[in-house]
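S.K.: quick check, what structure comes out for this input:
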Amino acid sequence: MFFEGAEKKAELVVTPAAGSLRGRGRAFWERIVLAARAKILSTIETPQCTAHLLSESSLFVWDDRVLLITCGRTTLAPAVLEIVAEVGAENVAALIYERKDNIFPEYQPSNFLDDARALGKVLPGKAFRLGEEDEHHVSVFHLDRRFKPDPRDVTLEILMHGIDVKARAAFCKGPQHTLEFIHRETGVRGIVEGFAVDDHVFDPSGYSLNALRGSEYYTIHVTPQAVGSYVSFETNHFFNTDLDAVVSRVLDIFRPQSVDVLAFSSQLDPVTVPRPYQPRRSVVDKLGCGWSVQFLSFFKPQVRPGKAEPLVLDRAAATP
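M.R.: Below you'll find the model as predicted:
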């Protein structure tokens, strides 16, 4: 059975007039997650942030902002609209809504333009695509209001396709594939040091991790199926000198065939992806909402000819 690992993501920042988002309480956030067709599995928190591990990805809540990431056939836009209805559209200071390209877009309950139009009815916004339509790409809708992010307000996303066979195997559930096995074999708990970790192995395969340190997070979501394997890594950790080292560490764990790097910051530092990856596409732009964005797409060159890929003719087995 195929699972669509590519994610939808929304980060929403509120003004002080909206009050504390963490103060809304667990019942409110359970309702928001349900609107996205997901549920909360577990929770960790620090004095600054609450992190919920979901049946489909993650939810992070601070006093002044919320980050909701969902995968599969989830409905993220309606969940975002419920948050906006709660805080008031006039109290939304910033919103960035993203959708990664899907392998089977026809099985999604909506497409990016559907979502952007629904959000645009409530919040003035602009939409654009990072990357080419016939390649891996990310579509973005952002609130069209002046916003000045803190210089340390950064986001790094590493989006990986075609995961190495041995790397995939570590995340498939079985008698030997416990959390302890994954930690020992992969090193995912130590990608950025000093974080408290909450993680989960899904049946029959799949893995999610939330990590917190103060107001900083990183999160990993692994879809290790043989066809369409996908991993995402994301963090708001402010990198001083270790940015390239963290990118290399993530790629060493998963060894994907292709990788897209997406970075948001008020002042962008160039992101370096190590060999053997070769650049395919690069986008650098300044958004009207205050952030600059950098999108870099890389691929691993083919060493030798591959074999023809068998197709599944059984409709029930092939349908997501």
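S.K.: phi and psi next, for residue 266.
M.R.: Main-chain dihedrals, residue 266, degrees, to the nearest 10: phi -70, psi -30.
S.K.: gap between it and residue 148?
M.R.: Using CB to CB, to the nearest Å, residue 266 is found at 8 Å from residue 148. All C-beta spots, glycine's among them, are computed from the backbone N, C-alpha and C.
S.K.: and the two? which has more neighbours close in?
M.R.: Neighbour tally, residue 266 and residue 148, criterion other CB atoms under 10 Å: the higher count belongs to residue 266, 16 against 12.
S.K.: quick one: contacts for the residue nearest to that one when sequence neighbours are not counted?
M.R.: Excluding its sequence neighbours, the residue lying closest to residue 266 (CB to CB, 6 or more residues apart in numbering) is residue 149, at 5.0 Å. Applying CB atoms under 8 Å, 6 or more residues apart in numbering, we find residue 149 in contact with 94, 265, 266, 290, 291.
S.K.: likewise residue 271?
M.R.: Here residue 271 is in contact with 156, 243, 244, 247, 261, 263, 294, 296 (CB under 8 Å, 6+ apart).
S.K.: my read is it is in a helix, agree?
M.R.: No - looking at residue 271 with DSSP: H, G, I helix; E, B strand; the rest coil, it is coil, so not inside a helix.
S.K.: so what's the closest residue to residue 37 other than its chain neighbours up against?
M.R.: In this structure, residue 37 finds its nearest non-sequential neighbour in residue 74, 4.9 Å apart by CB to CB, 6+ apart. By CB under 8 Å, 6+ apart, residue 74 lies in contact with 8, 36, 37, 38, 56, 57.
S.K.: one step back: the residue nearest to residue 266 and residue 129, how far apart?
M.R.: Applying CB to CB to residue 149 and residue 129 gives a distance of 22 Å.
S.K.: then residue 43?
M.R.: 34 Å.
S.K.: ok, now residue 289?
M.R.: From residue 289 to residue 129 the distance is 17 Å (CB to CB).
S.K.: from the contacts of residue 271, pick the one nearest residue 196.
M.R.: Nearest to residue 196 out of the contacts of residue 271 is residue 156 (CB to CB; 19.5 Å).
S.K.: about what we covered before: how about the contacts of residue 149, which pair is most distant?
M.R.: Longest span within the contacts of residue 149, CB to CB: 94 and 265, 13.7 Å.
S.K.: who is residue 53 paired with across the strands?
M.R.: residue 42, residue 58 (DSSP bridges).
S.K.: where does the stretch 201-320 of the chain have low pLDDT?
M.R.: Within the stretch 201-320 of the chain, the ranges that satisfy pLDDT under 70 run 268, 315-320.
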